[in-house]
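**Student:** Build me a model:
(one chain, ligands or ions: 2)
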Amino acid sequence: MLKIAHLDLPPLQGAAGTLRLPGSKSISNRLLLLAALAEGETRIEHLLEADDTAVMLDALRALGCAWHRNADGSLTVQGLGGHLPVSQADCFLGNAGTAMRPLAAALALLAARDGGHYVLRGVPRMHERPIRDLVDALRELGCRIEDLGQPGYPPLALRGPASLQLNQPVRVRGDVSSQFLTALLLTLPLVAQQDVVIEVEGELISKPYIEITLALLDRFGVRVQREAWRRFTIPAGSRLRSPGRLQVEGDASAASYFIALGALAATEAPLVIEGIGRNALQGDVRFADAAAAMGAQIEWRDHALAVRRGRWPLRGIELDCVAIPDAAMTLAVMALFADSPTRLTGIASWRVKETDRIAAMATELRKLGATVQEGADWLEVHPLRAEDWRTAAIHTYDDHRMAMCFSLAALHPLAGATPQALRILDPGCVAKTFPDYFETLFDLVQARSEDIPVLCIDGPTASGKGTLTERVAERLGYHVLESGALYRATALAARAAGIAWTDEARVASMARSLALHFSGGRCYLEDEDITDALRAEEIGLGASAVAALPAVRAALHELQLSFRRVPGLVADGRDMGTAIFPAAPLKVFLTASAEKRAERRYKQLISKGFSANMEGLLRDLEARDLQDKTRSSSPLVPAQDAFLLDNSDLSIDASVEQVLQWWAQKQAFPA
Ligand SMILES: O=C(O)C1=C[C@@H](OP(=O)(O)O)[C@@H](O)[C@H](O)C1
Ligand SMILES: C=C(OP(=O)(O)O)C(=O)O
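**Tutor:** Ligands and ions are numbered 1, 2, ... in the order given. Here you go, the predicted structure:
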């Protein structure tokens, strides 16, 4: 997961591959609540792991519900059978509508029936998201609900006991959010000694989410009778009973970004999206039809879909999006790549979600150069002509969908626009529903190698380049190449594969495709942490042996180049800027006085429990420096265009800031 201030996406040219969707947010949070309230134990597979489910799980634990993760990644919830063992709790629900609304109903009803005092709160934006219609319905039933802030918005206090009036239909408005009706449907079975009737007032929006609610209630043994979208009856005697084991579908709203990616960029082979099928429970699978209307070629498979570019440019559409409010945002960005305007209607609810999504979408699309018109409940986006695309720093308003949608704008070269980097501010906001969104995207997209930024950090032994590289890469969300480890890793992998270190052809062919990666100062081969194994004396000997083979040197050159992957690379070594990436946009040559470096090495050795001698270390360092500088092949010298950084008297933080400042000077993002 990226926890950084901004992410610079290089211009993207294509996409292909296969991804597996994270679990559906809407299904995950409903199942968690139902499992907690039901009788019996529920095992949930492929549950979404993200901020929205984390706040639900924390709240359930605070309410006395026990759950645990199993070795296979599934989650087991011990149902409370409708009785909370805890009579007071204060729960923080972040910005999760699917936690706030249903928990408000559950706790209001249980407090009324059994007594108790519960508080629900969230992030500041949650305190601006309406809940009045639900509170009004619950108050009409007799629940005691106190507004702790602005009336009609969280935070709320839910108190009891209070007497519940269930003999009249409960009326709830359905035109602001369907989550109010969902909240009542999920929780009224807790008190359904008699038939409980819910009547919806106003035109119900987001209807497919009610279908999810009804289908999952059915799995828990509650069969709600529905008359059109107006009247719902929970039969007397309904009880929530665990069905035992359940599997969460892939998230259909999250699929929209990849369906769009396929429609825009999968020109050679399709992009395969695993985890949902045509008959998925979630209404957002219909996004695929909207994308097809714009030109995508979609092939449904068992629990997957394959998407590729069809019509190009895309076709503008006019669509009532009231049934697919979340996925519809993706259409607004696809619209830039069309040959006629796209008009999205029925999206009034966008104004009260993670941010005012109509305003946010219009503002950020305009930054890219687009002409956009907006109204209370609609948005019209005009296609961008090749020459009108501008680069921009996109604000994401702490809205996961803004970040995910706008990542698609990095595909502008496909519309003929000049390739430029695109900045996404606060990319970590995707954690609400898809913490690994960007990593998933990076695995699927293609960019021209020269468009992918490389920062080279070269320098002598013990100059601190490894730490600096890690820290800079972490701040930029870039990959790391620690080139010094490659010969050792080759020797280690050859030995593991039973290949003799002298077998030039086989060692070279293996070296070319070594699945190495570096993260947090550690080196991994496939998924195995080989950092310590690389240091073994014997592997050092192997490294010298394989380094003497020209075919292996050539293969490792290629391997180093292959680290240049989206979104960017920070490479540390001795010849990164001079030999491997001579055209890199930023090169840093890091040094420190021999005394300082010897002192650092000394402290490092002592801290690891080795004995060390300062003078000996200094002599060795000086001898090694001389040898490095004077050797004929790739001598250790700064590239001509390298910035020199002497960190003898600089803290690591100061060195990181200096490198980032140099890097910032090379970029141009309008504020
Ligand atoms: O019930 C649900 O799981 C949801 C319903 C929709 O909200 P509205 O009913 O407020 O449109 C949707 O936007 C939200 O992301 C999830
Ligand atoms: C509106 C959304 O979330 P919430 O469940 O918080 O309403 C969303 O995920 O787009």
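**Student:** residues in the stretch 101-250 of the chain within reach of ligand 1, list them.
**Tutor:** Residues of the stretch 101-250 of the chain lying close to ligand 1 (CB under 6 Å from any ligand atom) are 177-179, 182, 205-206, 209. (Each C-beta comes from the backbone N, C-alpha and C, glycine too.)
**Student:** Tell me which two in those are the farthest apart.
**Tutor:** Taking every pair in those and measuring CB to CB, the maximum separation is 11.8 Å, between Thr182 and Ile205.
**Student:** Looking at the two, which one has more neighbours?
**Tutor:** A count of neighbours by other CB atoms under 10 Å puts Thr182 above the other of Thr182 and Ile205, at 26 against 20.
**Student:** quick one: the more buried one and Pro189, what's the gap?
**Tutor:** Distance, Thr182 to Pro189, using CB to CB, to the nearest Å: 13 Å.
**Student:** Equivalent analysis for His83, please.
**Tutor:** Note on His83: its distance to Pro189, by CB to CB, is 14 Å.
**Student:** burial count for the residue nearest to Leu476 when sequence neighbours are not counted?
**Tutor:** Leaving aside its sequence neighbours, Leu476 sits nearest to Gly568 (CB to CB, 6 or more residues apart in numbering; 6.3 Å). Applying other CB under 10 Å, we find 25 residues neighbouring Gly568.
**Student:** mind listing what Gly568 touches?
**Tutor:** Gly568 sits next to 8, 10, 452-455, 476-479 when contact means CB atoms under 8 Å, 6 or more residues apart in numbering.
**Student:** Ok, Thr342 next?
**Tutor:** Counted by CB under 8 Å, 6+ apart, Thr342 has contacts 294, 316-319, 331-332, 334-335, 380-381.
**Student:** again, 10 Å this time
**Tutor:** 290, 294, 314-319, 331-336, 379-383 (CB atoms under 10 Å, 6 or more residues apart in numbering).
**Student:** Quick check: beta-bridge partners of it?
**Tutor:** Judged by DSSP bridges, the bridge partners of Thr342 are Val381.
**Student:** How about the secondary structure of Ala157?
**Tutor:** strand (DSSP: H, G, I helix; E, B strand; the rest coil).
**Student:** Am I right that it is in contact with Val135?
**Tutor:** No. Ala157 lies out of contact with Val135 (CB atoms under 10 Å); the separation is 11.2 Å.
**Student:** So for those two, which residue has more residues nearby?
**Tutor:** It is Val135, of Ala157 and Val135, that has more neighbours when counted by other CB under 10 Å, with 24 against 18.
**Student:** sorry, back to before: who touches both of Ala157 and Val135?
**Tutor:** Common neighbours of Ala157 and Val135 (CB under 10 Å, 6+ apart) are 108, 145-147.
**Student:** Counting neighbours, which of those residues end up buried?
**Tutor:** Among these, those classed as buried by neighbour count (16 or more other CB atoms under 10 Å) are 108, 145.
**Student:** Could you give the number of residues near the nearest residue to Ala494 once chain neighbours are set aside?
**Tutor:** The shortest distance from Ala494 to any residue other than its chain neighbours is 5.1 Å, reached at Val507 (CB to CB, 6+ apart). If you count neighbours by other CB under 10 Å, Val507 ends up with 25.
**Student:** Could you dump the shared contacts of Ala157 and Val135 into CSV and include pLDDT, distance to Gly40 and secondary structure?
**Tutor:** Listed next are the shared contacts of Ala157 and Val135 as CSV, based on pLDDT from 0 to 100; distance: CB to CB, whole Å; DSSP: H, G, I helix; E, B strand; the rest coil:
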residue, pLDDT, distance to Gly40, secondary structure
Ala108, 98, 24, helix
Ile145, 98, 30, strand
Glu146, 98, 33, strand
Asp147, 98, 36, strand
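**Student:** tell me what the helix or strand hosting Leu660 is packed against?
**Tutor:** Per DSSP states H and E, Leu660 falls inside helix 652-665. On a contact count with 3 or more CB pairs under 10 Å, 6 or more residues apart in numbering; DSSP states H and E, helix 652-665 meets strand 454-458, helix 465-476, strand 586-591, strand 643-646.
**Student:** And it, what's buried?
**Tutor:** By 16+ other CB under 10 Å, the buried positions in helix 652-665 come out as 655-656, 658-659, 663.
**Student:** tell me the angle of it relative to helix 465-476?
**Tutor:** Per axes from the mean of the first three to the mean of the last three CA atoms, to 10 degrees, the angle that helix 652-665 makes with helix 465-476 is 50 degrees.
**Student:** chain center to helix 652-665, what's the gap?
**Tutor:** Its chain's C-alpha centre and that of helix 652-665 lie 26 Å apart, by CA atoms, centre = their mean, to the nearest Å.
**Student:** what about whatever residue of the chain ends up closest to ligand 2, neighbour count?
**Tutor:** With CB to the nearest ligand atom as the measure, Gly97 is the residue of the chain nearest to ligand 2, at 2.6 Å. Residues within reach of Gly97, counting by other CB under 10 Å, total 24.
**Student:** Quick one: residues contacting it.
**Tutor:** Gly97 makes contact with 25-26, 29, 52, 122, 126, 129, 131, 177, 179, 182-183, 352-354, according to CB under 10 Å, 6+ apart.
**Student:** switch to 6 Å and redo it
**Tutor:** Gln179 (CB atoms under 6 Å, 6 or more residues apart in numbering).
**Student:** Tell me how far it lies from Asp52.
**Tutor:** Separation of Gly97 from Asp52 (CB to CB): 8 Å.
**Student:** do Ala263 as well
**Tutor:** The value you get for Ala263 to Asp52, if CB to CB is used, is 27 Å.
**Student:** Which one of those two is surrounded by more residues?
**Tutor:** Set side by side, Ala263 and Asp52 show more neighbours around Ala263, with 29 against 24, by other CB under 10 Å.
**Student:** any idea of the pLDDT on the residue nearest to the more buried one when sequence neighbours are not counted?
**Tutor:** Excluding the flanking residues, the one nearest Ala263 by CB to CB, 6+ apart is Ala296, at 3.4 Å. On the pLDDT scale, Ala296 is placed at 98.
**Student:** So what does Ala306 have for phi and psi?
**Tutor:** Ala306 adopts backbone torsions of phi -120, psi 130, taken as degrees, to the nearest 10.
**Student:** quick one, what contacts it?
**Tutor:** The contact partners of Ala306, taken as CB under 6 Å, 6+ apart, are 270, 272, 299.
**Student:** which of those come close to ligand 2?
**Tutor:** Counting by CB under 6 Å from any ligand atom, no member of these reaches ligand 2.
**Student:** any chance of those residues in a markdown table, plus distance to Ala255 and secondary structure?
**Tutor:** Compiled in a markdown table, the contacts of Ala306 are given as follows (distance: CB to CB, whole Å; DSSP: H, G, I helix; E, B strand; the rest coil):
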| residue | distance to Ala255 | secondary structure |
| --- | --- | --- |
| Pro270 | 14 | coil |
| Val272 | 11 | strand |
| Glu299 | 14 | strand |
